[in-house]
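Enquirer: my questions are about this predicted structure, shown below with the sequence.
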Amino acid sequence: MHIDFPWRFDNRGRTAVTSDEDHIADMLELLVFTDPGERVNRTGFGSGLRQMVFAPNGPEFAAALQFTLQGALQRELGDVVSLEELEVTAADTELRVAVSYIVLATGQRQTEELRREVR
């Protein structure tokens, strides 16, 4: 059983649960937008995106984030997924993270795309 993210009630008034595939996508999003040291008992969990908040948005920013995010994905989710492709692009005020991976339990290929406005 996996609790859905963001936390909410289901139509029965209970804590909403989610599938394994959706749970992995939720963990991926949490990893990208969590700073290392932000979680209790998992101080290394996170990508450091918000620590780079004052860096100029551009290809250098995207390359640095891609490097740190790849390491975080392999370290934190390597027992659940096999990373196939990671692409981080930063253009104007938008940051885009595209991740392709294989779920190790099922062998199914998944692709997730996360977008956020950055200033």
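Expert: In hand now; what should we look at? Numbering: from 1, shown residues only.
Enquirer: give me the buried positions along the longest helix anywhere in the chain.
Expert: For the chain, the longest helix by residue count, based on DSSP state H, is helix 59-77. Under the neighbour-count criterion of 16 or more other CB atoms under 10 Å, helix 59-77 has 61, 62, 65, 66, 68, 69, 72, 73, 76, 77 buried. Glycine gets a C-beta too; all of them are placed from N, C-alpha and C.
Enquirer: check these against residue 24 and report the nearest one.
Expert: Nearest to residue 24 among the buried residues of helix 59-77, counting by CB to CB, is residue 77 at 7.5 Å.
Enquirer: list the residues that contact that closest one.
Expert: By CB atoms under 8 Å, 6 or more residues apart in numbering, residue 77 lies in contact with 24, 27, 28, 31.
Enquirer: any idea which element the spatially closest residue to residue 59 that is not a sequence neighbour lies in?
Expert: Using CB to CB, 6 or more residues apart in numbering and skipping the chain neighbours, the partner closest in space to residue 59 is residue 90 (7.0 Å). Following DSSP states H and E, one finds residue 90 within strand 81-91.
Enquirer: adjacent strands (with direction) for the following helix or strand past that strand?
Expert: Next along the chain after strand 81-91, taking DSSP H and E as the criterion, comes strand 94-103. In the sheet, strand 94-103 lines up against strand 81-91 (antiparallel), strand 109-117 (antiparallel) (DSSP bridges).
Enquirer: nearest to residue 43, out of those?
Expert: strand 81-91 (21.6 Å).
Enquirer: who touches stretch 97-109?
Expert: 20-21, 24, 28, 32, 65, 69, 73, 79-89, 110-115.
Enquirer: ok, and for stretch 104-113, which residues are buried?
Expert: residue 110.
Enquirer: stretch 91-105 now?
Expert: 95, 97, 99, 101.
Enquirer: alright, I will stop here.
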